[in-house]
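Colleague: when you get a sec, could you give me coordinates for this:
(chains A and B)
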Amino acid sequence: DSGVTQTPKHLITATGQRVTLRCSPRSGDLSVYWYQQSLDQGLQFLIQYYNGEERAKGNILERFSAQQFPDLHSELNLSSLELGDSALYFCASSVVNTGELFFGEGSRLTVL
Amino acid sequence: AQTVTQSQPEMSVQEAETVTLSCTYDTSESNYYLFWYKQPPSRQMILVIRQEAYKQQNATENRFSVNFQKAAKSFSLKISDSQLGDTAMYFCAFMKQYNTGKLIFGQGTTLQVKP
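Modeller: Numbers count the residues shown, from 1 in each chain, chains lettered A, B, ... in the order given. Take a look at the predicted model:
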């Protein structure tokens, strides 16, 4: 158990819909990261938050957004969903500057 | 831009044997981290081993060790005394120093340990 909690574990929805994925980092970790794992794109960094502020952005679509709340949990919002958004979405957290990430179990999103 | 390449999509090894997974990377950075992550069928990403580029000594973690060749930009993972529980997909990953969290992953190598 990494200490990072993600909900829901599985989600099935239709094209055009909007979903929210939730992540609770390990106790004491201020940084939260979102990654997407898909068959065609592999594992890709989406976005990083540190203590409530956006710190770095990767290949995140404009239809996607994220935020980190005062209690340090984070949400990834995916809107106007397309078939190609079907993927496993990971959240990870870390102690800053250690270079070591702890991943949650992921949220499997299926868009039909 | 940094890239990470794993040239072996699939590998298999007999239980108790040794196997080496290959990884090469491309970067102009001089300071960085390299990682091997394991993703078993449960799908959770688990850190196997970590190497800081400034350290010449190869990292080891129990049965797992790396061969880090900085000049050749090569970072292979050796698994000794392979166990059935080692069956998983293995990802090599790169991170710039002080860019904590933004990992660049290779395509992965599926390792099957056979009894």
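
Colleague: state the distance from the most centrally placed residue in chain A to A:Leu72.
Modeller: By C-alpha atoms, centre = their mean, chain A has its centre lying nearest to A:Trp34, at 3.4 Å. Distance of A:Trp34 to A:Leu72, given as C-beta to C-beta, to the nearest Å: 14 Å. Any C-beta I mention is one placed from the backbone N, CA and C, and that applies to glycine too.

Colleague: now swap in B:Met89 and tell me
Modeller: Distance from B:Met89 to A:Leu72, by C-beta to C-beta: 30 Å.

Colleague: for the closest residue to the residue nearest to the centre of chain A other than its chain neighbours, what are its contacts?
Modeller: Leaving aside its chain neighbours, A:Trp34 sits nearest to A:Leu46 (4.2 Å; criterion: C-beta to C-beta, 6 or more residues apart in numbering or on different chains). Residues in contact with A:Leu46, defined by C-beta atoms under 8 Å, 6 or more residues apart in numbering or on different chains, are A:Tyr33, A:Trp34, A:Tyr35, A:Gln36, A:Lys57, A:Gly58, A:Asn59, A:Ile60, A:Phe64, A:Ala66, A:Leu76.

Colleague: before we move on, back to that, so between B:Met89 and A:Leu72, which is more surrounded?
Modeller: A:Leu72 (21 against 18; other C-beta atoms under 10 Å in any protein chain shown).

Colleague: strands of the chain, start to end?
Modeller: I went with chain A, as the question did not name one. A:5-7, A:10-13, A:19-24, A:31-38, A:42-50, A:53-57, A:64-68, A:74-78, A:87-94, A:102-103, A:107-111 (DSSP state E).

Colleague: that's the wrong chain, I meant chain B
Modeller: Under DSSP E, chain B gives strands at B:3-5, B:10-14, B:19-21, B:24-26, B:32-39, B:46-52, B:60-61, B:64-69, B:74-79, B:88-96, B:104-105, B:109-114.

Colleague: could you list every helix and strand in contact with the third one?
Modeller: It refers to strand B:19-21. Packing partners of strand B:19-21 (3 or more C-beta pairs under 8 Å, 6 or more residues apart in numbering or on different chains; DSSP states H and E): strand B:10-14, strand B:74-79, strand B:109-114.

Colleague: that one pairs with which strands?
Modeller: strand B:74-79 (antiparallel) (DSSP bridges).

Colleague: what sits up against the strand it pairs with?
Modeller: B:13, B:18-25, B:34, B:36, B:48-49, B:51, B:63-69, B:86, B:90, B:92, B:111.

Colleague: right, and the helices and strands packed on strand B:19-21 - which one's nearest B:Gln2?
Modeller: Nearest of the helices and strands packed on strand B:19-21 to B:Gln2, taken as C-beta to C-beta: strand B:74-79 at 12.6 Å.
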